[in-house]
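>>> Curious how this folds, go ahead:
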Amino acid sequence: MENDENIAVHKTQPVNGIQRNTFMNGPDQVVPSSNYNVWEPEGAVKLRLAPRGVAAEPPVSVPGLLTRIASRYPDLKALCTKKADGKWHKITYKQYRERVRTVAKGFLKLGLERYHSVCIIGFNSEPWFLSDLAAIHAGGFAAGIYTTNSAEACFHCLSSSRANICTVQDKKQLEKILSIKSRLPHLKAIVQWEGTVDTSIPGVYSWDQLMEIGSKESDTALDNVLKHIAVNECCTLVYTSGTVGPPKAVMLSHDNLIWDAHTISIRCGDMQPEAERLVSFLPLSHVAAQVLDIYTSMTKGISVFFAQPDALKGSIVETLKEVRPTRFLAVPRVFEKMHEKIVAVGASRGAITRYIAGLARNATYNYHMARIDGYEGTSFGYRLAKSLVISKALDALGLDQCKMYISSAAPMSPEIKKFFMSLDMPIVEAFGMSEMAGAHALSIYPKMKLDSVGELLDGTETRFDGSVSPNGPGEICMRGRHLMMGYLNDKEKTQEAIDDEGWIHSGDIGRVDDFDLLYVTGRIKELLITAGGENVAPVPIEQVVQAELRHVGYAVLIGDKRKFLSMLITIKTKVDNETGAALDALEPEAQKWVTSLGSKATTLSEISKTKDPAVHKAIEEGIARANKKAISNAQKVQKFAILPADLSMPSGELGPTLKIKRNVVYDKYKDIIEDFYRE
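A predicted model of the protein is given here:
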């Protein structure tokens, strides 16, 4: 083990010929750099400061922000965890900062080196937050790993980030890391925060041991490290979940994260620290959850409540009922699942109840659409609907005190937005990417449109490559203080993504209207170019089909370099609550639908194998209805097939945010696809 003096300083690297040791006014200092992009772990970047506005505000480091919020609201609830006895354990912002410092001292003692990482793998929890911030305080990088990652995928993250320490939730995750530990020369310690820990294994520690180690260390070494930290250095690595090649490590600086979080908090409007509550349940390895749950909460003093590990399998509603959040962030698939359950409950009600609920939803939807169109008053119908019906529905969901609903990470169907708008839940979309530290556009109701992905954030820049108009359409290119530093150790990929003028090319096709509302019309990599030369964006067509056939699980459009479009269809099935894998048995509402068609099938594989005539006809009719909405004949679906299994993460067709991995689907079902186009 190194002595305290060596732990505090380590070996420093020159920046533009200046020894980094010269700069000891951290953590909120800016070290000199003439480069906007770097890929070396020790690199620093030039900040994209503007002469005025939000992009001109002084930069703040992650440790600096935590110190400020702990000083301003020392007794405010920061992190809240539900214990086994059913009671919520809460720590204040003052305690939050103290625990971060204790863990950081523990990390230093265990051997965390400057510009090396602490990898974190587990469900959202207090130890996850503490590991993240402590890694940064101790001069390292925080790097989240998806809990669903295989051991080899974990190896890539730990190896490429030179991880000295890995914190894991439980024995299951520990075993993954132990199976690859011999190939990780930088890895010095593994800390398990939940369950029984076998500390007889060399280099394995329990969370309590880590806290004890840190509490025995003086503040000297940590304070020395903090003096060397700079806001324009890397503090976090976010691994992209790409479908081609190993994930790239996006280098995000203190300024990237804190500036984007601050800008988001401004866009969100009036936020009262004592009254704001957030439920953390989306994977923190994803930049959207990380920026909102960890960093935006620190900018405004929001109380974060951790959901249960099985949140995405159904328990989230119970947590919402207990917490009554004021802000709610989810991915489209979560809203879609909520939609399915609400519809199923509604279908079980009596005819009169359904009729009244329908009137209430129509009145509520019309009110919100009027607001979006500029009407500022309220109608008697809306007030009555809210009082008698809608308020009860929101109360049952635990969302009666929620002021903002945000969807991120994937496109959301306008039909789903309409449904929730009729329940007094106007969902706004956030658009961004890991490389932009999260959000680049975010709408605030009522300045929104159902088909827009958000209003461009103040202080950001946007242009549309390949367009003759400054408003697009063209490839969405972005620039601003939230633009990443680069891809770790990958000069080629960094320069490929960011052009000579500093614009990152998103790969998305879009446009902006006169109100700065952004619209995404397709993705270049997903764009299908038919044999006839027609450019077809698959997502809008898939969404129309799903709107016509609500019991369809996934619809995947085929047609690149083909003479016509075809589609792979799944029907919703039950899900294994432990693994998240799609089961063969049909989901109850889908089963009712199949039975109503006259079919005796009870499983998806049976429907697929027998090409069930009744189900096949119903889907054919639904696609025919969708085709009537197509803008051209080339965008009509000509053939389809029902797959033998629904898509899921465990089977590899969905990513961590439940987006379709199209290349995986294409490869897995290539024989079915080829059958579409046989002469």
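>>> For the rest of this, base every contact and every neighbour count on C-alpha atoms.
OK.
>>> which stretches of the chain have low pLDDT?
1-21, 241-245, 679 (pLDDT under 70).
>>> how does the chain divide into domains?
57-78+86-271+282-291, 327-400+403-523, 528-676 (automatic domain parsing).
>>> check which helix or strand covers Ala393.
helix 391-397 (DSSP states H and E).
>>> And for that helix, what's in contact with it?
Val317, Leu320, Lys321, Asp400, Leu423 (Cα atoms under 8 Å, 6 or more residues apart in numbering).
>>> Could you tell me which of these belong to strands?
Using DSSP state E, the subset of those located in strands is empty.
>>> For Thr657, state which of the residues you listed is nearest.
Thr657 has its nearest neighbour among those in Val317, at 18.8 Å by Cα to Cα.
>>> so the closest one makes contact with Lys341?
No. Contact criterion Cα atoms under 8 Å: Val317 and Lys341 do not qualify, at 10.9 Å.
>>> deepest of the domains of the chain, which one?
domain 57-78+86-271+282-291 (a mean of 21; mean count of other Cα atoms under 10 Å).
>>> start to end distance for that one?
Start and end residues of domain 57-78+86-271+282-291 are separated by 19 Å (Cα to Cα, to the nearest Å).
>>> and what of stretch 180-199?
End residues of stretch 180-199 are separated by 18 Å (Cα to Cα).
>>> CA atoms of stretch 600-611 as PDB?
Presented in PDB, the C-alpha positions along stretch 600-611 are these (Å, rounded to 0.1, in the frame of the first residue of the first chain):
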ATOM      1  CA  LYS A 600     -57.600 -21.500 -29.100                       C
ATOM      2  CA  ALA A 601     -53.900 -20.600 -28.900                       C
ATOM      3  CA  THR A 602     -52.400 -19.800 -25.500                       C
ATOM      4  CA  THR A 603     -48.800 -19.300 -26.400                       C
ATOM      5  CA  LEU A 604     -46.900 -17.200 -28.900                       C
ATOM      6  CA  SER A 605     -44.900 -20.100 -30.300                       C
ATOM      7  CA  GLU A 606     -48.200 -21.900 -31.100                       C
ATOM      8  CA  ILE A 607     -49.500 -18.900 -33.000                       C
ATOM      9  CA  SER A 608     -46.200 -18.600 -34.900                       C
ATOM     10  CA  LYS A 609     -45.800 -22.300 -35.700                       C
ATOM     11  CA  THR A 610     -49.400 -22.900 -36.900                       C
ATOM     12  CA  LYS A 611     -49.700 -19.400 -38.500                       C
END
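>>> ok, residues contacting that stretch?
570-571, 573, 584-586, 591, 594-595, 612, 615, 641-646.
>>> And the strands in the stretch 551-679 of the chain?
Under the criterion DSSP state E, counting those that start in this stretch, strands of the stretch 551-679 of the chain are mapped to 552-558, 565-571, 573-575, 582-586, 637-642.
>>> Quick check: Leu222 touching Val103?
No. Counting by Cα under 8 Å, Leu222 stays clear of Val103, with 10.4 Å between them.
>>> Please, where are all the helices along the stretch 551-679 of the chain?
588-596, 604-610, 613-627, 662-668, 670-676 (DSSP state H, counting those that start in this stretch).
>>> so which of the domains of the chain gets nearest Val31?
Comparing those under Cα to Cα, the one sitting nearest is domain 57-78+86-271+282-291, at 6.3 Å.
>>> what separates Ala78 from Asp198, distance-wise?
Taking Cα to Cα, one finds Ala78 at 31 Å from Asp198.
>>> Same question for Ala590.
46 Å.
>>> and what of Thr167?
14 Å.
>>> same question, Thr579
25 Å.
>>> So which elements touch the helix or strand in which Leu79 is found?
Remark: Leu79 resides in strand 77-82, with elements defined by DSSP H and E. Judged by 3 or more Cα pairs under 8 Å, 6 or more residues apart in numbering; DSSP states H and E, strand 77-82 is in contact with strand 88-92, helix 93-110, helix 126-137, strand 303-306.
>>> Identify all contacting residues around it.
By Cα under 8 Å, 6+ apart, the list of residues contacting strand 77-82 reads 88-93, 96, 125-126, 301-307.
>>> in the stretch 251-400 of the chain, which spans are helices?
Shown for the stretch 251-400 of the chain, the helices assigned by DSSP H, counting those that start in this stretch span residues 254-267, 287-289, 297-300, 316-323, 332-347, 351-372, 380-385, 391-397.
>>> how about those helices, which one is nearest Gly140?
Comparing the helices of the stretch 251-400 of the chain by Cα to Cα, helix 254-267 comes nearest, at 11.9 Å.
>>> For that closest one, name the packing helices and strands.
For helix 254-267, the packing partners by 3+ Cα pairs under 8 Å, 6+ apart are strand 234-239, helix 297-300, strand 438-442.
>>> Rebuild those as a markdown table, extending it with distance to Val345.
Shown next, in a markdown table, are those (distance: least, Cα to Cα, whole Å):
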| stretch | distance to Val345 |
| --- | --- |
| strand 234-239 | 39 |
| helix 297-300 | 34 |
| strand 438-442 | 32 |
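>>> Nearest to Val544, out of the ones you listed?
strand 438-442 (24.0 Å).
>>> ok now the longest strand anywhere in the chain, how far from the chain's centre?
Longest strand in the chain, counting residues (DSSP E): strand 504-512. The chain centre lies 19 Å from the centre of strand 504-512; the measure is Cα atoms, centre = their mean, to the nearest Å.
>>> what's the answer for stretch 70-77, then?
27 Å.
>>> before we move on, what about stretch 627-637?
With Cα atoms, centre = their mean, you get 32 Å for stretch 627-637.
>>> Now that stretch - C-alpha only, PDB.
Listed next in PDB are the C-alpha coordinates belonging to stretch 627-637 (Å, rounded to 0.1, in the frame of the first residue of the first chain):
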ATOM      1  CA  ASN A 627     -51.000   1.300 -44.600                       C
ATOM      2  CA  LYS A 628     -53.800   3.700 -45.200                       C
ATOM      3  CA  LYS A 629     -51.900   6.300 -43.200                       C
ATOM      4  CA  ALA A 630     -48.700   5.800 -45.200                       C
ATOM      5  CA  ILE A 631     -47.400   8.800 -47.100                       C
ATOM      6  CA  SER A 632     -46.500   6.700 -50.200                       C
ATOM      7  CA  ASN A 633     -46.900   3.200 -51.600                       C
ATOM      8  CA  ALA A 634     -43.200   2.600 -50.900                       C
ATOM      9  CA  GLN A 635     -43.900   3.000 -47.100                       C
ATOM     10  CA  LYS A 636     -46.600   0.400 -47.000                       C
ATOM     11  CA  VAL A 637     -45.900  -3.000 -45.300                       C
END
